[in-house]
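# Next input, structure requested:
(2 chains)
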Number of protein chains: 2
Amino acid sequence: MTVEAYLAGREAEAIQTLMAYCRIPSVSTDPAFAEGIAQAAAFVADQLRHAGFPTVEQVPTAGHPCVFAEWIVDPAKPTVLIYGHYDVQPPDPLDKWRVPPFDPVVKDDRIWARGVSDDKGPMLIPILVAAAYGAVNGAPPLNLKVLFEGEEESGSPNFEPTVAAMKDRLACDLVLSADGAMWRADLPSMTVATRGMAAVEVTVTGAGKDLHSGRHGGTAPNPIRALARMMASLHDEAGDVAVPGFDDGARQPDPAISRAIVEVGFDAPGYFDSIGADHPDPMPTGEALLTRQWLKPTLEFNGISGGYQGTGTKTVIPSEASVKITCRLVAGQDPDQVMTAIEAHLATVLPSGYRMDVHRHGPGTHAFALDPHLPALATAEGVLAEVLGAKPLRVAMGATVPIGDVFARQLGVGAIFFSFATSDEDYHAPNEYFRLSSFRTGQVAWARLLDRLAHGGI
Amino acid sequence: MTVEAYLAGREAEAIQTLMAYCRIPSVSTDPAFAEGIAQAAAFVADQLRHAGFPTVEQVPTAGHPCVFAEWIVDPAKPTVLIYGHYDVQPPDPLDKWRVPPFDPVVKDDRIWARGVSDDKGPMLIPILVAAAYGAVNGAPPLNLKVLFEGEEESGSPNFEPTVAAMKDRLACDLVLSADGAMWRADLPSMTVATRGMAAVEVTVTGAGKDLHSGRHGGTAPNPIRALARMMASLHDEAGDVAVPGFDDGARQPDPAISRAIVEVGFDAPGYFDSIGADHPDPMPTGEALLTRQWLKPTLEFNGISGGYQGTGTKTVIPSEASVKITCRLVAGQDPDQVMTAIEAHLATVLPSGYRMDVHRHGPGTHAFALDPHLPALATAEGVLAEVLGAKPLRVAMGATVPIGDVFARQLGVGAIFFSFATSDEDYHAPNEYFRLSSFRTGQVAWARLLDRLAHGGI
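Numbering: from 1, shown residues only, chains lettered A, B, ... in the order given. Coordinates of the predicted model:
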């Protein structure tokens, strides 16, 4: 029996395993879900043991643990380190879900659940493939190491220190990431660049307590008003970031990616239709939009809060208001410098009579760009061409996958994004799903990729 | 025994009654508290029956019921209509309370509870006084009518229609309001003008669903960004409202109030200290601040909400964001016109590609100014001078008490604010309290006022 036939014969069982995994609410950003994080780490470790990895360990960090595993077949063979994450995004807003976020449903050849696309489905694939190699051949075709983290959705604050501390044990020839996403369901692609991230929360305080808007209206500091004015100064009329020093160090993008942007013929009106938004006037070109998504830094407001949040009205002037900000960074921008620039700019526009706190959510992440001449990249492209029917485009990704940069600096190796999630799967929104076709194809592709890498393709 | 001695002998019982009243969570703005509203209306009706009012009725409205009562002593005597409200502000933010909002605590000669100062303590006083007159003299010294509403904290959307429908039954010579507040604990004052109100909620929508800020950052509409820019256009640099047409019709204030503003010597640095705010630079004059509080219209943001509200970060571009706005109006401004002007202005600054909804919370309230030559005003000032030791100043109030304008238009009579709340009692904030000294003094004052009005002072 071949490894691929073995996998095909166990599809129902694999789906059950994925559903059990998705029942665990492993939200990393909210301490209320600590129990779910612990359960998910244990679940992943169990799956790795069950697959046949001789060494499986939970690695403590300053935050949530990593799961490490190792299956050394022959020191003379190449070694691949597989990356993924077992934590998921928060399920809010709960009232927008058509299915319960942590009670998976199979429907329309998809599994619906929080985290199924990002990253539980894609990261389960290499475990299943290793198990199949073990069952059919007694061992995988090359040495495997695994490092799964539990804080990817929190900006991976403890991931780089963990990799640095485990440098020797993680030594490898190549990293394969089961995280990331194909850009479009109908267009095979390989992601060779990802944006970095910096996250801050800005809190503006006026009075020491909430005040009556009748008694104090017009004289007391209103932190919502101050915050709105400050926020309005962060972008220019065109929507570009207007923070001095924000772009410092940004490098020109790889011309290959700019060519891909032209090649794919991005449909601008179709884009706004797909997200359910009105068409802006004037309509930007598709190339301008895709350039913004892939190659421009951003400063986005993710949440704002202050004062009365209930139904109806409350005539109050709140004591404080706050906004959560994340920036996507391009190659060359330094996250620390970006956060410093934002804080410095906000300090200059903070009105007199208010206090401000800028809290950094972690150290941030540099953008990543893969060496276009890496042999393993061509190998992976070959496998994708076989299973998907067309040579994949080399594309960039707007989202942030911190590991590319971390592994390059800490281990000196390249990281190939070999994920079978697709970016339309609502993975940071309600009603996340994962295509079962991708789950099947992904297992075939990983089985072939490990074999090719074992036989000279690395 | 005198009425005043009777009241003094029942102080402990009166405090118990007030505490029982404050245990009822009668929040009018939030449907979750419907049961508390019903309980409070029944409680008030019971107290009125217990006091001896021969007629007590709950009057249905399109919203929460009013409580009406009548005690006609002699048709030849003058008739006073007493106003108050049994609903309270929402208790949010709950985590800022040092005592449970609906489990009253007596401490430092104060009662601490949501609604105790606004308006449960002050409105209980005339009921206790009527009961004392009944017990001591068999009846009050003049005809009493009572109308208590349950939607004052929601902008009284159904109060004027109710008064209009009951015009004949409410006929009277004077309205005495148990709602309102003394301006300062150490300075006797009579409120002769109050600001009006208009309340709207603005919701801006971008995409039809929440989006991943990595995938879509830089291209998708971000309604928080749009809303912040729109909000920033509502005030000028000096903090004055910058909405065209907002001030239309505003009249010059009564010079007597402007004189009082000079007379009271408002302490600007002390004001900012009292609310726990940093000193602005430059520091405005005390007169400028008090003129803003009493005689200028405002546009204040009371609550803002959009996107992720939990701990940590969530890399989402939300579908919508909204802000709650209330405006305080001065004499001559029309609430309907003010809301129309705001909506029209926001429509001009709404960026392309976004949708906007402006929801009006009720029809709004005109500002109110009392006739300075009303004989009952001099009578009330005389009583206050006796019980408080100094002739009260005639002041304006930043807050909104819709009834002055309603009674003037519907019943053709003046309304005197005879409340013993004090504006420092945090009545729209956590840790609301009511001074027991005010509770005692208020009973003496109401007893004397009813007697004087019965004997020629009206």
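# Identify the residues contacting A:R98.
Contact analysis of A:R98 by CB atoms under 8 Å, 6 or more residues apart in numbering or on different chains lists A:W112, A:P430, A:N431. To be clear about C-beta, it is placed using only N, CA and C from the backbone, and glycine gets the same treatment.
# Take those and keep only those in strands.
A:W112 (DSSP state E).
# how close does A:T205 sit to A:N222?
11 Å (CB to CB, to the nearest Å).
# Of the two, which one has the most company?
Ranked by neighbour count (other CB atoms under 10 Å in any protein chain shown), A:T205 and A:N222 place A:N222 first, with 30 against 20.
# Next, count neighbours for whatever residue of the stretch 51-200 of chain A ends up closest to chain B.
Minimum separation of the stretch 51-200 of chain A from chain B (CB to the nearest CB) falls at A:A199, amounting to 4.8 Å. Neighbour count for A:A199, taken as other CB under 10 Å: 25.
# Now do the helix or strand where it lies: which elements does it pack against?
If you go by DSSP states H and E, A:A199 is part of strand A:196-205. Applying 3 or more CB pairs under 8 Å, 6 or more residues apart in numbering or on different chains; DSSP states H and E, we find strand A:196-205 packed against helix A:223-232, strand A:320-329, helix A:335-349, strand A:355-360.
# Could you export the longest one as CSV, CA atoms only?
Just to be clear, that refers to helix A:335-349. C-alpha atoms of helix A:335-349 as CSV (Å, rounded to 0.1, in the frame of the first residue of the first chain):
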residue,chain,number,x,y,z
PRO,A,335,8.5,47.2,14.5
ASP,A,336,10.0,48.9,17.5
GLN,A,337,10.8,52.1,15.5
VAL,A,338,7.2,52.0,14.1
MET,A,339,5.7,51.9,17.6
THR,A,340,8.0,54.6,18.8
ALA,A,341,7.0,56.8,15.8
ILE,A,342,3.3,56.4,16.5
GLU,A,343,3.7,57.2,20.2
ALA,A,344,5.8,60.2,19.4
HIS,A,345,3.3,61.5,16.9
LEU,A,346,0.3,60.9,19.2
ALA,A,347,2.2,62.8,22.0
THR,A,348,2.4,65.9,19.6
VAL,A,349,-1.4,65.8,18.9
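# now it against strand A:355-360, angle please.
Interaxial angle, helix A:335-349 versus strand A:355-360 (axes from the mean of the first three to the mean of the last three CA atoms, to 10 degrees): 170 degrees.
# So what's the gap between helix A:335-349 and the chain middle?
Distance of helix A:335-349 from the chain centroid (CA atoms, centre = their mean, to the nearest Å) equals 24 Å.
# and it, average pLDDT?
Average pLDDT, helix A:335-349: 98.
# Just the buried residues of it, please?
A:P335, A:Q337, A:V338, A:M339, A:A341, A:I342, A:E343, A:H345, A:L346 (16 or more other CB atoms under 10 Å in any protein chain shown).
# quick one on the thing from earlier: among the contacts of A:R98, which one has the most neighbours?
Neighbour counts for the contacts of A:R98 (other CB under 10 Å) peak at A:W112, which has 24 neighbours.
# Could you tell me what pLDDT the model assigned to it?
Per-residue pLDDT puts A:W112 at 98.
# residues touching it, list them.
With CB under 8 Å, 6+ apart, A:W112 has these contacts: A:R98, A:V99, A:P104, A:V105, A:V106, A:N431, A:E432, A:Y433.
# Going through the residues you listed, which ones are buried?
A:V99, A:P104, A:E432, A:Y433.
# Just the ones of these in strands?
Filtering the buried ones among the contacts of A:W112 for strands - DSSP E - leaves A:Y433.
# Turn the buried ones among the contacts of A:W112 into JSON lines, including distance to B:Y6.
Formatted as JSON lines, these follow (distance: CB to CB, whole Å):
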{"residue": "A:V99", "distance to B:Y6": "67"}
{"residue": "A:P104", "distance to B:Y6": "71"}
{"residue": "A:E432", "distance to B:Y6": "70"}
{"residue": "A:Y433", "distance to B:Y6": "73"}
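# quick one on the thing from earlier: just send the contacts of A:R98 back as a markdown table, with distance to B:L187 too.
Below are the contacts of A:R98 laid out as a markdown table (distance: CB to CB, whole Å):
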| residue | distance to B:L187 |
| --- | --- |
| A:W112 | 65 |
| A:P430 | 55 |
| A:N431 | 60 |
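# From the contacts of A:R98, pick the one nearest B:V56.
A:P430 (51.0 Å; CB to CB).
# Hmm, B:D210 and that closest one touching each other?
Yes: counting by CB atoms under 8 Å, a contact exists between A:P430 and B:D210, whose distance comes to 6.7 Å.
# what is in contact with those two at once?
With CB under 8 Å, 6+ apart as the test, A:P430 and B:D210 both reach A:P93, A:K96.
# those helices in the stretch 1-150 of chain A, which residues are they?
Ranges of helices in the stretch 1-150 of chain A, per DSSP state H, counting those that start in this stretch, are A:3-9, A:11-22, A:34-51, A:121-137.
# Comparing the ones you listed, which comes out most buried?
Mean neighbour count (mean count of other CB atoms under 10 Å in any protein chain shown) peaks for helix A:121-137 among those, with a mean of 23.
# Also compute the angle for that one relative to helix A:34-51, please.
20 degrees.
# about what we covered before: of all the helices of the stretch 1-150 of chain A, which one comes closest to A:V146?
Using CB to CB, the helices of the stretch 1-150 of chain A put helix A:34-51 closest to A:V146, at 6.4 Å.
# quick one: A:P372 from A:R394, how far?
Taking CB to CB, one finds A:P372 at 7 Å from A:R394.
# residues in contact with the residue nearest to A:Q58 when sequence neighbours are not counted?
Leaving aside its sequence neighbours, A:Q58 sits nearest to A:P65 (CB to CB, 6 or more residues apart in numbering or on different chains; 4.6 Å). By CB under 8 Å, 6+ apart, A:P65 lies in contact with A:A41, A:Q58, A:V59, A:G150.
# Kindly report the same for A:I257.
A:V192, A:A193, A:W294, A:L295, A:R394, A:V395, A:A396 are the contacts of A:I257 under CB under 8 Å, 6+ apart.
# Those: which two are farthest apart?
A:L295 and A:R394 (13.4 Å).
# Comparing those two, which residue is more hemmed in?
Remark: of A:L295 and A:R394, A:L295 carries more neighbours, 22 against 19, as counted by other CB under 10 Å.
# Check what pLDDT the nearest residue to that one once chain neighbours are set aside gets.
Nearest non-adjacent residue to A:L295, counting by CB to CB, 6+ apart: A:P253, 4.5 Å away. A:P253 carries a pLDDT value of 79.
# Can you tell me the SS state at A:P253?
coil (DSSP: H, G, I helix; E, B strand; the rest coil).
# how many other residues sit next to it?
20.
# Next: A:H366.
25.
# repeat for A:G249
13.
# Any figure for the gap between the nearest residue to it once chain neighbours are set aside and A:A367?
Nearest non-adjacent residue to A:G249, counting by CB to CB, 6+ apart: A:G332, 4.4 Å away. According to CB to CB, A:G332 and A:A367 sit 7 Å apart.
# Over to A:G206?
Distance, A:G206 to A:A367, by CB to CB: 37 Å.
# more neighbours, these two?
Neighbour count, other CB under 10 Å: between A:G206 and A:A367, A:G206 has more, with 31 against 26.
# picking up where we left off before, nearest to B:F53, out of the buried residues of helix A:335-349: which one, please.
A:L346 (59.4 Å).
# Spit out the contact partners of that closest one.
By CB under 8 Å, 6+ apart, A:L346 lies in contact with A:V202, A:M230, A:M356, A:V358.
# so what's the closest residue to the second one other than its chain neighbours up against?
So that's A:M230. Counting by CB to CB, 6+ apart, A:M230 lies nearest to A:V349, which is 5.0 Å off, once chain neighbours are set aside. A:V349 sits next to A:R229, A:M230, A:S233 when contact means CB under 8 Å, 6+ apart.
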